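Chemist: Next one to model:
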Amino acid sequence: MATVKDVLGLPILSQAQVVAGNSGLERPVRLVHVVDIPDITQWILPQMLLMTTGYSRFQWTSIIGELDAQKLSGIMVALGPYIQEIPDEALADADRLGLPIIVLPWALPFVRVSEAVHQLVIQEQFAVMANIDRLQTQMVRVAVQSRSLTQLCQDLSSLCGHAVDVTDSEGNSLLNRAIPMAAFTQFPIQTFHAHTHFLRVALPQPLEDWQTHVFEHMALVTGLWVLREQVAARTEARLQSSVLDMALSGNVTHDPGLVERAKLIGFHMHRRHHLLVVAVVRTGPCKTKQGFEPVTHLEDQLRHVLSEWKVLTTLSQEYIVAVLPEQPAINLVSLNHKIHRLLRENGCLTAVFSDAVETTKLAETYRAIIRVMPRTARTEVMDLSSLLFPRLIAELPPEVMGTLVKLTWDRITDPVLRLTLQVLVEHHGSRSEAAMALRIHRNTLRYRVQQLEQILERPLDPGYLWELGFMFRWIQSQAQSQG
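Modeler: Sure thing, here's the model as predicted:
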């Protein structure tokens, strides 16, 4: 906005002299008006430049304070037949209040001054409008190009020259890192949610009208960006669910439209994929050190942690199913490193990870994971292959395995011989390793083996020990299921 200093720079005012109030030359000027009546105050508007010939002979000694209180920009006085000089008391008040008093030549027509000042004000307003239009265009361009809320706020901050943040209704920053502000002005952002977000600008009140207009538009652009991201997230989530549900149900199709939509979210039918299934092992939401976490929030956390691996997720009852494309960086060790904290902080989760399989094998792999999913929470991801063999043993016919137990384990009543047989099976029949584990001489072990062979009526050869290993695993699986 034009100021008194800008007005004094006009060529037509080259002979004007500031006789008081030099400290107020930065006062804004919105209009100029001639007033030459005694009751001057009722004709004053804020940011107005007053011109007078002194014809009304108003009380200079008392009027300066009233004019300043009405936010007058300044007083232009044409010295001549009606006023030859301004009282020293009025000049002193003007200096004290920073209200400029400017003396004009009597021969200078007020109409020419008024015309020049109003042209300046219009030009300034046009420049402000052009600047607002430029900023609004740049804001839209920045919003289109920004890929995160933090990036959007950084770019908007560069445009306006002030730090910008987005907060929730409680004042918590939604950015990756909150931006400290000693003083700020905030503008509401409307989104799909019932609660309101705010655009916070590191600029204290009061703002000029054009600044308010700019930041209100900035809040609108930010709100549109948030809405775009919300719609995109909802659309992608629905598309992910439909594509993954199709793959997990075994209904793999080669429909061109669905194949193309799957590629848009990073799922390629011809590639191999890992399967990660995270289960909530107790009913109700998970209890964490922050409180109760719904499964949908846990899915968001998992997707965020694994985002660099182009993970796709969906929910199936109390299971979070994640599909990851085969790549060298993805293995059991790296996966545990990624989600160890998530498993540790949410004490009701268990997770199973599979080797990469063809798309047509995802449904079969998913069913296998569900069958072997541990029933107790773990702090690490389990490998599917390490769980399949115990599961197969656990599903062996109880009648057959019960008979084997009666013919072997139940016939051995001596605790020492039972321990010897267990250790021998664990070491795959190696006499030297078993003797070391039991901390006995090999001859002692040989004697015990002879006793076991007499009781079982069979030599403890590798094939028989392998059968006994099945039996021990089956006994352990039954004990776990009963526990």
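
Chemist: Domain parsing of the protein, as residue ranges.
Modeler: 4-119, 146-229, 271-391, 396-482 (automatic domain parsing).

Chemist: Which of those sits closest to R238?
Modeler: Proximity to R238 (Cβ to Cβ) singles out domain 271-391 among these, at 10.0 Å. For every residue, glycine as well, the C-beta is placed using N, CA and C.

Chemist: the strands in the stretch 51-200 of the chain, which residues?
Modeler: Shown for the stretch 51-200 of the chain, the strands assigned by DSSP state E, counting those that start in this stretch span residues 74-78, 101-104, 164-167, 185-189, 197-201.

Chemist: on that earlier part again, please name whichever of the domains of the chain is nearest to V140.
Modeler: Closest among the domains of the chain, once you apply Cβ to Cβ, is domain 146-229, at 6.2 Å.

Chemist: need the contact list for V321.
Modeler: Applying Cβ atoms under 8 Å, 6 or more residues apart in numbering to V321 gives the contacts 244, 248, 275-277, 313-315, 366.

Chemist: Mind listing the residues bridging to it?
Modeler: V277, T314 (DSSP bridges).

Chemist: and it, how far is that from V352?
Modeler: 11 Å (Cβ to Cβ, to the nearest Å).

Chemist: Identify the contacts common to these two.
Modeler: Joint contacts of V321 and V352 (Cβ under 8 Å, 6+ apart) are 276-277.

Chemist: Find the nearest non-adjacent residue to the residue lying farthest from the centre of the chain, please.
Modeler: In the chain, the greatest distance from the average C-alpha position (Cα atoms, centre = their mean) is reached by P81, at 72.0 Å. For P81, ignoring the flanking residues on the chain, the nearest one in space by Cβ to Cβ, 6 or more residues apart in numbering is W106 at 7.8 Å.

Chemist: I figured the one you found was touching V77, is that so?
Modeler: No: counting by Cβ atoms under 8 Å, W106 stays clear of V77, with 10.1 Å between them.

Chemist: Which of the two has more residues huddled nearby?
Modeler: V77 (20 against 11; other Cβ atoms under 10 Å).

Chemist: and the strands of the stretch 51-200 of the chain as JSON lines, adding mean pLDDT and distance to L335?
Modeler: Putting the strands of the stretch 51-200 of the chain into JSON lines (pLDDT from 0 to 100; distance: least, Cβ to Cβ, whole Å) gives the following:
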{"stretch": "strand 74-78", "mean pLDDT": "95", "distance to L335": "72"}
{"stretch": "strand 101-104", "mean pLDDT": "96", "distance to L335": "77"}
{"stretch": "strand 164-167", "mean pLDDT": "91", "distance to L335": "33"}
{"stretch": "strand 185-189", "mean pLDDT": "90", "distance to L335": "37"}
{"stretch": "strand 197-201", "mean pLDDT": "91", "distance to L335": "34"}
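
Chemist: Would you reformat these as JSON lines and include distance to I86?
Modeler: Formatted as JSON lines, the strands of the stretch 51-200 of the chain follow (distance: least, Cβ to Cβ, whole Å):
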{"stretch": "strand 74-78", "distance to I86": "6"}
{"stretch": "strand 101-104", "distance to I86": "6"}
{"stretch": "strand 164-167", "distance to I86": "47"}
{"stretch": "strand 185-189", "distance to I86": "40"}
{"stretch": "strand 197-201", "distance to I86": "43"}
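
Chemist: out of those, which comes closest to S334?
Modeler: Among these, strand 164-167 sits nearest to S334 (Cβ to Cβ), with 33.2 Å.

Chemist: hmm, who's touching the closest one?
Modeler: Counting by Cβ under 8 Å, 6+ apart, 149, 153-154, 156-157, 173-175, 178-179, 181, 184, 186, 189, 197-202, 218, 222, 226 sit against strand 164-167.

Chemist: repeat that for 10 Å
Modeler: Residues from elsewhere that reach strand 164-167 (Cβ atoms under 10 Å, 6 or more residues apart in numbering): 149-150, 152-158, 171, 173-175, 177-181, 184, 186, 189, 196-203, 215, 218-219, 222-223, 225-226.

Chemist: of those, buried ones?
Modeler: 149-150, 152-157, 173-175, 179, 181, 184, 186, 189, 197-203, 215, 218-219, 222-223, 225-226 (16 or more other Cβ atoms under 10 Å).

Chemist: Specify the helix with the largest residue count in the protein.
Modeler: helix 209-249 (DSSP state H).

Chemist: any idea of the angle that helix forms with strand 197-201?
Modeler: 130 degrees (axes from the mean of the first three to the mean of the last three Cα atoms, to 10 degrees).
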